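Asks: build me a model from this:
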Amino acid sequence: MTETGTTAANLAAALSADESSARLQAALTAGTHPDDAYLEPLIERCAVEPDFYVRDMLTWALTRLSPEIVLPRVLEETRSDVPQARSQALHTLSKLGDERGWHAITPAHLHDADDEVARAAWRTAAGLAPLDTHADLAREFSRELGRGDLDVKRSLSRAFVELGEDAIPALQAVTIDAAHDSETAQHARATLRLIEDPEATFVLE
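Replies: Numbers count the residues shown, from 1 in each chain. Below is the predicted model:
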């Protein structure tokens, strides 16, 4: 096995440790001492890692590698059949901050049946979308109003807030078109309040 292969294999083994603290340390070490040979072990672990904090450290470690090898591989993962691989890839795109990541976010991501994939897509799209696409993106987001539990709804509302005033017409249209007491209309009104005051408490009413 080559030295590069040994390095990658050692990291893969460390990232498979039983204790989450050991996996966290392995990801931290990989990011502190970046080596492009770490790309595949980090990507592969993103798809299966159960601990939120470890996943976040894996993403950080990926951002420390050469962008020219990381971005294409992360874009590939956005098309994975594994929901966690898609959601983590979308999250990583938000941290890479490369405008090319915007074009990888599709309506399928924004309306993914898996809540974590959709939430990651909303956050990342709102952060990467060019200004002249904000109004169209808000209309796409509006199709998801009323979806999920309170955490899911709050995530969508925060994505709307990221779009700012350009999101207001789409939200106002929903408050007019939907039944006043429907979950969809309540969510739209709550989101409009957050745009007016981003520090306000998210409340459905």
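Asks: off-centre distance for stretch 51-62?
Replies: The chain centre lies 13 Å from the centre of stretch 51-62; the measure is Cα atoms, centre = their mean, to the nearest Å.
Asks: next, the buried residues of that stretch.
Replies: Neighbour counts over stretch 51-62 (16 or more other Cβ atoms under 10 Å) mark 54, 55, 56, 57, 58, 59, 60, 61, 62 as buried. From N, CA and C alone the C-beta is placed, and that goes for glycine too.
Asks: can you give me the helices in the protein?
Replies: 3-14, 20-32, 39-46, 52-63, 67-77, 83-96, 107-110, 115-128, 134-142, 150-163, 168-177, 183-196 (DSSP state H).
Asks: so which of those is nearest residue 205?
Replies: Among these, the nearest to residue 205 by Cβ to Cβ is helix 183-196 (6.4 Å).
Asks: dump the residue contacts of the residue most central in space within the chain.
Replies: Most central in the chain under Cα atoms, centre = their mean is residue 120, positioned 2.5 Å from the mean C-alpha point. Neighbouring residues of residue 120 by Cβ atoms under 8 Å, 6 or more residues apart in numbering: 86, 87, 88, 90, 91, 94.
Asks: and the nearest residue to the fifth one once chain neighbours are set aside, how far from residue 50?
Replies: Nearest non-adjacent residue to residue 91, counting by Cβ to Cβ, 6 or more residues apart in numbering: residue 120, 4.9 Å away. Using Cβ to Cβ, to the nearest Å, we find residue 120 at a distance of 16 Å from residue 50.
Asks: cool, residue 102 as well?
Replies: On the measure of Cβ to Cβ, residue 102 and residue 50 end up 29 Å apart.
Asks: which one's more surrounded, those two?
Replies: residue 102 (16 against 9; other Cβ atoms under 10 Å).
Asks: doesn't residue 126 make contact with that one?
Replies: No: Residue 102 is not in contact with residue 126 according to Cβ atoms under 8 Å; the separation is 10.4 Å.
Asks: residue 184 contacts residue 176, correct?
Replies: No: Residue 184 is beyond contact range of residue 176, at 11.6 Å (criterion: Cβ under 8 Å).
Asks: looking at those two, which is more packed in?
Replies: Neighbours were counted for residue 184 and for residue 176 using other Cβ under 10 Å; residue 184 has more, 18 against 9.
Asks: list the contacts for the more buried one?
Replies: Here residue 184 is in contact with 145, 146, 174, 178 (Cβ under 8 Å, 6+ apart).
Asks: then residue 125?
Replies: 102, 105, 109, 110, 137, 159.
Asks: residue 42 too?
Replies: Counted by Cβ under 8 Å, 6+ apart, residue 42 has contacts 11, 15, 27, 30, 58, 61, 62, 65.
Asks: quick check: chain neighbours aside, which residue is closest to the second one?
Replies: It refers to residue 15. residue 45 (4.5 Å).
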